[in-house]
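Chemist: Sequence first, then the predicted structure, then my questions.
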Amino acid sequence: MKRALLAISLLAGSLAATPAVQAQSLDPLAPLKSYAAKALPRCPAGTLTLERSPATGPTNFAVYVATLRSSDKYCGAQKYLLHSPKSQQILLGSVIPLPTDDRPIHVRVTETASRLLGHAVQATVAPFPLPDGIKAVSILRSTPFGPFSYGGFVDQSGKYLIVGMRGMLTREPSATLRETLGVATAARRGDPKAKVEIIEVSDFQCPTCARAHEKVEPLIRQNLSRINYVRVDLPLFEAHQWAVPAAMGARAIQRVAPAKYWEYVDFVFKNQESINSRKFDDVIREFASDHDLNWTEIQKIYASPAERATLLEQVSRAFNAGIASTPTFIVNGQIMGFGPDGTFTIDAIKSALGSPAKPAAKPAKK
C-alpha cells in the first residue's frame, strides 16, 4: 500500500513510553481509552492500550501513551494523549521537547522544526492562549505550490511543542474530525440525510487510491440511496507532482459543473498512467473541452493562487487530524485502516449498511 512519508511524521514524540500495565475490571482510564479508540484508526486485528507516562510533560496536562497494534504494519501507531483534568481538553499526537534557553519561543520552535523536518521553516506563535495555557503555532515552509503551514501548539511552560489533533473529552472525536476536514463544503453524493456516512480522503496520483476507487465505487454506486458519500482531496505534493493540479481541477469542476465532478474523479483515477507523462494543464483543458464545460470559468479557479492556498490549508488540517496517508476512508466518523487489499474497509462499509443493496430485479421475459 502506498503510504506517504510526510515530513510532519518526523516530529515523533520524545517522551519515554511506559511499560504495559495489567488491565483492571474497573478501569479509571476507560473514558480516555474510548476517546482514543474513536479518534485513532480502526485497524485489521487492532488492539489499543493506553498507559500513563511517568515522564514530565506539558504543563496542565496528564500524559498518556496510546499504542495501536495491528496485523497491517501500516495501520499501527503510537501517540501521546494529553488530557486536562480541569478543562477536559484533549491533544492527541506527538510531543517534542524544545531547547530550554532564554531565546523567544518562536525562535526555539523554528530551530527544532527546521532540524526535524529537514527544511528551513519559520514558526509563529499566537499571542493569546487557548484553554490550559497552550498557544497555537504555525510552522511555515515554502513549496513549489506556495507557502504550506504545519500546525501545532506550545504548552504554557514553553518547553514542549505538541503536534496533533485538539479536541474535548466531552465531544465526539468524529465531530472534531469532520469539522477539521471541512466536510460541510466537500463534494458529496447520495442521500445527505442517510444514516451511513462515508468520507473518502484521497490523492488523485496515488496508485492505491485508484485501486481503492475501482473496488469501492461499485459498492457505493449500488447503495447511493442509503449513503451520504463525501470526498476530500489530500494531495501529497511532496511525492506526487501533479496531485495538487488534479485536486485544483476537481475544485474547479465542483464549483462550475458539479454534475461532472464524479465523472472527473473516475476519469483521473482510470487514467493515472497516461497522465503521468503529460502536463496536467493540458489534461484538465481537454477534459473541459470533451465535456463542453466552460473553460474560462474553470481556469479562474484552477489557476487561482488564493484557491490553491485554501487547498494547502485543507491538507494542513488533515495532517493535524492525524490523516497523513491515502486512501483513508472514514465510516460513520471512524477512521478505517485500508488494509493490504482494501478488504477491511469494504467489509466495514458493508457492515455499516447492514447488507449490500440488491440490484433491481429484471422484468420477466414474456
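Modeler: Looks like it arrived, so ask away.
Chemist: use CA for all of it now, contacts and neighbours both
Modeler: Fine.
Chemist: The stretch 201-350 of the chain: helices as residue ranges?
Modeler: 207-222, 243-256, 261-270, 272-275, 280-290, 295-302, 305-320, 343-353 (DSSP state H, counting those that start in this stretch).
Chemist: Determine which stretch of these is the most buried.
Modeler: helix 243-256 (a mean of 22; mean count of other Cα atoms under 10 Å).
Chemist: Which elements pack onto that one?
Modeler: Using 3 or more Cα pairs under 8 Å, 6 or more residues apart in numbering; DSSP states H and E, the elements in contact with helix 243-256 are helix 261-270, helix 280-290, helix 295-302, helix 305-320.
Chemist: what inclination does the first one have with respect to helix 243-256?
Modeler: Okay, so that is helix 261-270. 160 degrees (axes from the mean of the first three to the mean of the last three Cα atoms, to 10 degrees).
Chemist: One more: the third one?
Modeler: In terms of direction (the same axes, to 10 degrees), helix 295-302 departs from helix 243-256 by 130 degrees.
Chemist: roughly how far out does helix 295-302 sit from the chain middle?
Modeler: Centre-to-centre, helix 295-302 and its host chain are 27 Å apart (Cα atoms, centre = their mean, to the nearest Å).
Chemist: Repeat that for stretch 156-175.
Modeler: Distance of stretch 156-175 from the chain centroid (Cα atoms, centre = their mean) equals 16 Å.
Chemist: buried set for it?
Modeler: Within stretch 156-175, the residues that qualify as buried are 156, 158-169, 173-174, counting by 16 or more other Cα atoms under 10 Å.
Chemist: Which of those residues fall within helices?
Modeler: The helices, defined by DSSP state H, take in 173-174 from the buried residues of stretch 156-175.
Chemist: What mean pLDDT does the strand or helix carrying residue 95 get?
Modeler: Using DSSP states H and E, residue 95 falls within strand 89-97. In this model, strand 89-97 carries a mean pLDDT of 97.
Chemist: now it against helix 305-320, angle please.
Modeler: Using the same axes, to 10 degrees: strand 89-97 against helix 305-320 is 90 degrees.
Chemist: Send me strand 89-97 as CSV with only the CA atoms.
Modeler: This file holds the C-alpha atoms of strand 89-97, laid out as CSV (Å, rounded to 0.1, in the frame of the first residue of the first chain):
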residue,chain,number,x,y,z
GLN,A,89,-9.3,19.4,26.6
ILE,A,90,-7.5,16.6,24.7
LEU,A,91,-4.4,16.8,22.5
LEU,A,92,-3.6,13.6,20.5
GLY,A,93,-0.3,13.4,18.6
SER,A,94,3.4,14.0,19.2
VAL,A,95,5.2,15.8,21.9
ILE,A,96,8.6,17.3,21.2
PRO,A,97,10.8,18.9,23.9
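Chemist: and the residue nearest the centre of the chain, how far is that from residue 52?
Modeler: Nearest residue to the geometric centre of the chain (Cα atoms, centre = their mean): residue 323, 2.7 Å. Here the criterion is Cα to Cα, to the nearest Å. By it, residue 323 lies 24 Å from residue 52.
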